[in-house]
Each structure stands twice: as structure tokens, then as C-alpha cells.
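Peer 1: Mind folding the following:
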Amino acid sequence: MKALVALILLVQLPIHKAVPAAAPAPLGCDDPESEAAAEAAVSYINAHSRHGYKFALNRIENIRVLPQGLNNDIVFLELDLLETTCHILSPTPLANCTVRSFTDHAVEGDCDVKLQKVDGKFSVLASKCHSHPDSREDVLQVCPDCPLLESLNDTEVSTLVTSALKDHNSKTPNAYLRLLEIGRAKIQYEPAHVVIAEFAVAATNCSAQDAQTNAEACHLLPDDEANFGFCTATMVKQPSQDLEVDCQLYGHQVTTQDIPFLSRGFYPISQDTSAGLAPSVVQGFTNHNLKFSHNNPVASESSSSEFPTAVLSAKPVAKRAVAEVAQHDKVPRPVGFVPPPPPCPGRIRYFKI
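Peer 2: Here you go, the predicted model:
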């Protein structure tokens, strides 16, 4: 009888269900971990870029984290970048590179990046980027007299670069320089006719004096001796003729990157060529497109390098977050209450294009 009563009491005891652990809060675009992932992504993009200039982070548009296991996450990022004044071959650290101002006809980069975070360390699995300059109308609205980006193979630009490099080589006792690529060009027509160009150069195995007899025999130094540089040139065509050239060599760099400098796609250009660049690269374009796409060949199937559309959908997520904040604002709040910002997109570090 006692056993029966005990059994009845046991059956009547309340059953406490296990409460599942709360899922971790989603990362916001301005969270320290998001910024660390973005820093790793931007460093990777600049290290593998083949043309143009280094880019700096302007805004984290979106982030998504897919847990893969203990201390193992896949991270998807959407990034807005801005072009700096440092050429991609410059040894200057990105932190010391100046972002081009809005009135300097800024160039924006858009990147989708996939990373893996294992034991707190980020590594890039894949990335896709492209870039575009701000509209001419936007620049002229703020600065009507500012020179605007011109096609890199424009006749006036090509003439300036050829004249500038010839002028520099005729005045230096050092190594004969050859053109690698034109990085940027601008033309101003009022109040004076001015042509401005920036271009990357490399030292050859000839002195400037040796090159006077047979410049075609001069070749770029091999990777283990390479010495790259950067030149700016300005030609005032009206009301007077005036040429200013400034070339600086970086000195030989011991690279730790997995892409040798000369394997990045830079080729020595003869000064006799009309544009100084491979037509397929810059024909008709005003900037070197950050058209960078890379998939890590050693990525495992569990960390596929594909970018799922559902994961990288920054704008709908941002709108939904704003809507949620607006919905919360309908609830009476204490005086002085400031609603929290949406988790994404993040803050703008410089300016928006």
C-alpha cells in the first residue's frame, strides 16, 4: 500500500522541462569583433590587389556569422571602402595612407568577403570586389572648379606621362625608370588648362645614361632586387607651358606576400607606346577597377567559398532593424530616451558616396 501511494505521488510531481540556452546576440556592424574581421578582410584585399591604389574601410554594411562548431565560425561581410593616395606597390602601411577627399573625385570600393574564424583568428576564404568613382555631378556641385577624373588612356594624359618620364630620366644619374601603369589622371579646363597624372614606375638594370643609346635593352629588375616607385606630374598648358615632375623610388622591399610583385600583373611598358598601358586594362576607364575575386583553393567543403544571397542581404536587414526601432518607439518611453541604433549598416568613417 505504501509503495502504491509513493508511486501516485511521484506521478503527480510537476515535470520541469530543460530551458534551452539563449542564442548569442547577432553581431552589430560596429562591434569590435566585426571591425576585427573587416580589418583582416581589407588587409587581404590590398595584399592581393593587382592595380591602382590601396583601399581603406569606410563602412561595414552587413555581417553574418554561421557557427561551424566549437571556436569555429564562418563570417560573411559586406564592406564599403574608399581609395587612398597610396599606390598598391607602396610600402606605406595602410594606417598611414590618406583617404582621398570628396573633392579629389573619390573612388569607392564594394566588397563581399567570406572569412573563417578559428580560435579567435580570422582567415579569408573568398572575396569579390569592384569599385567606381563618384559622379562628376556630385563633385562639381561641391567644387565647381575642381578637376575631374579623366580616362587613363586620354591623349593629353598619355602625352603628359611620356613627357614627364622622359624629363625625369634626362635629369637623374640614377637608374632608368620605366612605366608600369598610369594610376590616376585629371584634367581642368577653367580657369587654366591643367593636366594631372599619377603613375607607377620601376627601376631597370640600366642607368639613365646607358638607356640613351638603347632603352629597349633595359629590363625591370627581378623580384629579389625590384625597386618600384611613384610619380606625379602636372602640365599647365594654358595660359603658359609649365611641366612639374616628382618621382620617388620606394627602395627594394622584402615582401612577405604570397604574390611576387612582378606576378601581380604589372608589365614594363615601352615609352614609345601611345597610352603606356595595356588597352584591355584601362581603355576608356577613369580608374582601375578593384575587380578582385579570389577563392581559397584549400577551403574545405564545410567552408565553401560561395556567397549565399540570403546571408549577404544588408539592405533588407538594415530596413528591418530600422522598422523594429520605429515599432519600439510607439511604446511610451521616458523623457530623453534615445533608441538604440540598428545593428547594421555601421558608422561611416569618412564620407558617403
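Peer 1: For the rest of this, base every contact and every neighbour count on C-alpha atoms.
Peer 2: Fine.
Peer 1: Quick check: which ranges of the stretch 151-300 of the chain have low pLDDT?
Peer 2: 254-284, 292, 294, 296-300 (pLDDT under 70).
Peer 1: all strands in it, in order from the N-terminus.
Peer 2: Ranges of strands in the stretch 151-300 of the chain, per DSSP state E, counting those that start in this stretch, are 175-188, 193-207, 228-238, 242-249, 293-295.
Peer 1: out of those, deepest packed?
Peer 2: strand 175-188 (a mean of 24; mean count of other C-alpha atoms under 10 Å).
Peer 1: what packs against that one?
Peer 2: The contact analysis (3 or more C-alpha pairs under 8 Å, 6 or more residues apart in numbering; DSSP states H and E) places strand 175-188 against strand 148-149, helix 155-171, strand 193-207, helix 208-211.
Peer 1: Which of the strands of the stretch 151-300 of the chain sits closest to Phe351?
Peer 2: Ranking the strands of the stretch 151-300 of the chain by proximity to Phe351 (C-alpha to C-alpha) places strand 175-188 first, at 20.6 Å.
Peer 1: Now the closest one - C-alpha only, CSV.
Peer 2: The C-alpha coordinates for strand 175-188 follow below in CSV (Å, rounded to 0.1, in the frame of the first residue of the first chain):
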residue,chain,number,x,y,z
ALA,A,175,68.5,54.0,-62.6
TYR,A,176,66.5,54.4,-65.8
LEU,A,177,62.8,54.2,-64.9
ARG,A,178,60.1,52.5,-67.0
LEU,A,179,56.4,52.9,-66.7
LEU,A,180,54.3,50.3,-65.0
GLU,A,181,50.9,51.9,-65.1
ILE,A,182,49.0,55.2,-65.0
GLY,A,183,47.1,55.2,-61.7
ARG,A,184,45.1,58.4,-62.0
ALA,A,185,44.5,61.3,-64.3
LYS,A,186,42.6,64.6,-64.1
ILE,A,187,42.1,67.5,-66.4
GLN,A,188,41.0,71.0,-65.5
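Peer 1: how far off strand 228-238 does it point, in degrees?
Peer 2: For strand 175-188 against strand 228-238, the angle by axes from the mean of the first three to the mean of the last three C-alpha atoms, to 10 degrees is 40 degrees.
Peer 1: mind checking how far whatever helix or strand Glu35 lives in is from the chain centre?
Peer 2: Per DSSP states H and E: Glu35 is located in helix 32-48. With C-alpha atoms, centre = their mean, to the nearest Å as the basis, helix 32-48 stands 10 Å off its chain's centre.
Peer 1: List of residues touching it?
Peer 2: With contact meaning C-alpha atoms under 8 Å, 6 or more residues apart in numbering, helix 32-48 is reached by 27-29, 54-57, 60, 63, 75, 77, 79, 88, 113, 115, 122-124, 127, 257, 259, 264, 292.
Peer 1: hmm, back to that, the helices and strands packed on strand 175-188 into CSV, with extra columns for distance to Leu140?
Peer 2: Compiled in CSV, the helices and strands packed on strand 175-188 are given as follows (distance: least, C-alpha to C-alpha, whole Å):
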stretch, distance to Leu140
strand 148-149, 9
helix 155-171, 21
strand 193-207, 17
helix 208-211, 42
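Peer 1: and of these, who's closest to Gly251?
Peer 2: Here strand 193-207 is closest among these (C-alpha to C-alpha), at 9.5 Å.
Peer 1: mind saving the C-alpha coords of that closest one as PDB?
Peer 2: In PDB, the C-alpha atoms belonging to strand 193-207 read as follows (Å, rounded to 0.1, in the frame of the first residue of the first chain):
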ATOM      1  CA  HIS A 193      44.100  74.300 -68.700                       C
ATOM      2  CA  VAL A 194      45.900  71.800 -66.500                       C
ATOM      3  CA  VAL A 195      46.600  68.100 -66.900                       C
ATOM      4  CA  ILE A 196      47.500  66.000 -63.800                       C
ATOM      5  CA  ALA A 197      48.700  62.400 -63.800                       C
ATOM      6  CA  GLU A 198      49.900  59.800 -61.200                       C
ATOM      7  CA  PHE A 199      51.800  56.800 -62.400                       C
ATOM      8  CA  ALA A 200      53.800  53.800 -61.100                       C
ATOM      9  CA  VAL A 201      57.300  53.200 -62.300                       C
ATOM     10  CA  ALA A 202      60.100  50.700 -61.700                       C
ATOM     11  CA  ALA A 203      63.900  50.800 -61.900                       C
ATOM     12  CA  THR A 204      65.600  48.900 -64.700                       C
ATOM     13  CA  ASN A 205      69.100  47.300 -65.000                       C
ATOM     14  CA  CYS A 206      70.300  50.400 -66.900                       C
ATOM     15  CA  SER A 207      71.400  53.800 -65.800                       C
END
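Peer 1: Before I go, just wanted to say thanks for your time.
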